[in-house]
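Q: Sequence and predicted structure, then a few things I'm wondering about:
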Amino acid sequence: MTKYVAAIDQGTTSTRFMIFDKQGKIVDCAQKEHQQIYPQPGWVEHDPLEIWSCTQTVIKDALNKSNITVAEITAVGITNQRETIVVWNKHTGKPYYNAIVWQDTRTDYICNQLVKDLGIDYFRPITGLPIATYFSAPRIKWLLENIPELKAAAANGDAIFGTIDTFLIWHLTGGTAGGLHITDVTNASRTLLMNLKTLDWEGEILEIMGIPRQMLPEIRPSSAIYGQATGILAGVPIAADLGDQQAALMGQTCFQVGDAKNTYGTGCFMLLNTGEQPVFSQHGLLTTVAYKLGDAAAVYALEGSIAIAGALVQWLRDNLGLIQTSAEVEVLASTVTDNGGVYFVPAFSGLFAPYWRNDARGVIVGMTRYTNKGHIARAVLEATAWQTREVLEAMKEDAQVNLTALKVDGGMVYNNLLMQFQSDVLGVPVIRPQVAETTALGAAYAAGLATGFWGSLEELSENWLLDQTWEAKMDEVEREGCYRLWKKAVSKTFDWV
């Protein structure tokens with residue numbers, strides 16, 4: 001009987017179930033989008049029960065399409081949108097409120113008060129993170145303060161918290177009938193509540209935030225057999241859990257210190273492997289856990305997080321109606337030879353790395369009567385590349401390493417115009433692997449390592465295969481001149497709110 005490893009990839013806009021073979025190639029996949037809920041400006045929510053329903057649907061669909069039986073699946077890994085939170089009743093499984101998504105900025109008043117009282121970097125020596133709306137802890141605090149029955153339920157242990165991985169693992173392993181309440185080190189490191197060195201919840205921060213410890217899941221390694229699934233995947237070991245960007249780092253086999261990858265999805269996320277010691281950023285980056293394989297020491301990473309990348313293309317499609325499908329942005333951008341002097345800084349919910357400015361809002365600058373929709377489309381794509389350049393500059397300063405090439409993955413890497421421009425503005429080759437869905441692949445790799453499906457990191461590295469490389473064509477004078485204009489455009493977003 002041929003054996004496979006599977007992954008549940010629960011992202012910001014959709015959920016996928018992917019089945020991989022021994023070579024790390026996709027055997028089959030099913031995907032389902034879920035609703036984006038915007039109750040007020042700056043608020044972004046998901047229905048957690050819809051996400052659980054989508055998860056069950058895609059598992060069934062992928063198994064049916066592939067004619068693969070549950071007995072042929074040796075393990076399942078989970079990967080997820082990271083800082084999004086759910087709080088639910090452990091006896092009924094019912095959420096107390098919608099999932100509050102990582103893009104949501106309703107907690108800005110909580111963060112502003114904390115920054116005023118403590119300073120933006122008060123928690124950074126412990127957690128590796130600044131105080132910002134991006135992370136989970138202020139959202140938990142908001143729920144405890146705004147949902148009437150929640151505070152008492154949390155205090156007596158009835159209400160439990162989790163990022164989406166925790167919510168799914170709890171349901172997959174039995175839910176109200178003994179479901180596991182766990183998370184892994186990578187997801188826990190994004191809550192603003194975990195001590196990076198002890199890999200446990202930090203009591204002082206829980207106290208400051210007013211969060212009862214009993215709400216929180218147990219923190220486990222990223223690759224380990226946690227338990228067995230019930231329901232559709234009955235008997236299959238649940239053997240890995242990683243936040244989506246750390247999973248992509250694994251999927252790109254960035255196992256050596258200095259290896260880096262950039263994932264182009266709803267947001268854009270660059271991670272640099274810094275080894276077994278955390279490097280604390282002086283230049284606006286995040287220090288995060290990259291992965292922890294079983295009993296081995298944790299490996300750390302520096303991360304540059306960009307809030308809006310693919311989401312800007314969706315905005316062009318859904319809010320302005322300039323394109324009908326996301327793929328059309330490349331065609332429209334190709335109708336012009338350059339951006340016509342137009343720069344688009346998509347600070348829709350503030351700016352993430354390296355600025356961390358909640359007060360910023362989006363701007364389009366440099367428009368003249370000459371500007372047409374092709375220039376706008378091109379500026380939309382270029383925004384992702386310029387933001388990546390800013391993150392890379394910060395990484396060079398913090399880690400004192402010069403990047404020689406950038407491994408890329410995610411949905412936007414099939415946009416050749418963007419990939420060429422990315423290489424141009426970085427001045428290094430941009431490399432796409434044959435399997436660009438590295439988030440799901442990384443979760444599968446971690447699950448396969450835990451169960452012996454794969455024997456070593458070296459075996460995984462041998463699976464990595466090149467698809468395409470883009471070399472820089474822009475000369476340095478033009479590159480630096482355009483970058484100065486980008487930085488000027490960014491400055492126009494500050495202090496808007």
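A: It's in.

Q: pLDDT below threshold where in the protein?
A: Within the chain, no stretch has pLDDT under 70.

Q: Regarding the closest residue to residue 365 other than its chain neighbours, what is its secondary structure?
A: Leaving aside its sequence neighbours, residue 365 sits nearest to residue 489 (CB to CB, 6 or more residues apart in numbering; 4.8 Å). For glycine as for every other residue, the C-beta is placed from the backbone atoms N, C-alpha and C. Three-state assignment for residue 489 (DSSP: H, G, I helix; E, B strand; the rest coil): helix.

Q: Residue 363 is in contact with residue 489, correct?
A: Yes - contact criterion CB atoms under 8 Å: residue 489 and residue 363 qualify, at 6.6 Å.

Q: what do the two both touch?
A: Common neighbours of residue 489 and residue 363 (criterion: CB atoms under 8 Å, 6 or more residues apart in numbering): 344-345.

Q: What is the burial count for residue 477?
A: Residues contacting residue 477 under the criterion other CB atoms under 10 Å number 8.

Q: check which helix or strand covers it.
A: Here residue 477, judged by DSSP states H and E, is contained in helix 476-491.

Q: Tell me which residue of this protein is furthest from the middle?
A: Distance from the C-alpha centroid of the chain peaks at residue 369, with 38.3 Å (CA atoms, centre = their mean).

Q: does that residue count as helix, strand or coil?
A: Following three-state DSSP, we place residue 369 in the coil state.

Q: quick one, phi/psi of it?
A: The phi and psi values for residue 369, taken as degrees, to the nearest 10, are phi -60, psi -20.

Q: What values do phi and psi take at residue 345?
A: For residue 345, the backbone dihedrals (degrees, to the nearest 10) come out as phi -100, psi 110.

Q: any idea how far residue 50 is from it?
A: The spacing between residue 345 and residue 50, counted by CB to CB, to the nearest Å, is 32 Å.

Q: Now the longest helix anywhere in the chain: buried residues?
A: Assignment by DSSP state H gives helix 373-399 as the longest helix of the chain. Neighbour-count burial for helix 373-399 flags 374-392, 394-395, 398-399 (criterion: 16 or more other CB atoms under 10 Å).

Q: Equivalent analysis for stretch 53-60, please.
A: Those would be 54-59, for stretch 53-60 by 16+ other CB under 10 Å.

Q: ok so, going back, so who does the residue farthest from the centre of the chain touch?
A: By CB under 8 Å, 6+ apart, residue 369 has no neighbours at all.

Q: same check, this time on residue 276
A: With CB under 8 Å, 6+ apart, residue 276 has these contacts: 297-300.

Q: ditto for residue 79
A: Contact analysis of residue 79 by CB under 8 Å, 6+ apart lists 7-10, 165, 241-244, 247, 439-440, 442-443.

Q: tell me which element it is part of?
A: Using DSSP H and E, residue 79 maps to strand 73-80.

Q: One more: residue 87?
A: Counting by DSSP H and E, residue 87 is part of strand 85-89.

Q: next one: residue 60
A: Under the criterion of DSSP H and E, residue 60 resides in helix 48-66.

Q: returning to that earlier point: write a ChimeraX command that selects only the buried members of the contacts of residue 276.
A: Only the buried entries of those go into this ChimeraX selection, using 16+ other CB under 10 Å:
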select :298,299,300
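
Q: What degree of burial does the closest residue to residue 384 other than its chain neighbours show, as a neighbour count?
A: What sits nearest to residue 384 in space, not counting adjacent residues and going by CB to CB, 6+ apart, is residue 309, at 4.5 Å. Neighbour count of residue 309, defined by other CB under 10 Å: 27.

Q: Ok, residue 271 next?
A: Applying other CB under 10 Å, we find 27 residues neighbouring residue 271.

Q: show me what contacts it?
A: Residues in contact with residue 271 (CB under 8 Å, 6+ apart) are 245-246, 248-249, 254, 260-261, 288, 290, 301-303.

Q: Just flag the most distant two among those.
A: Taking CB to CB as the measure, those span a maximum distance of 14.7 Å, between 248 and 302.

Q: The nearest residue to residue 385 once chain neighbours are set aside: neighbour count?
A: In this structure, residue 385 finds its nearest non-sequential neighbour in residue 422, 4.5 Å apart by CB to CB, 6+ apart. A count of nearby residues for residue 422, using other CB under 10 Å, gives 27.

Q: follow-up on the earlier one: roughly how far apart are the residue nearest to residue 365 and residue 444?
A: Residue 489 sits 40 Å away from residue 444, going by CB to CB.

Q: More neighbours: which of the two?
A: Remark: of residue 489 and residue 444, residue 444 carries more neighbours, 35 against 20, as counted by other CB under 10 Å.
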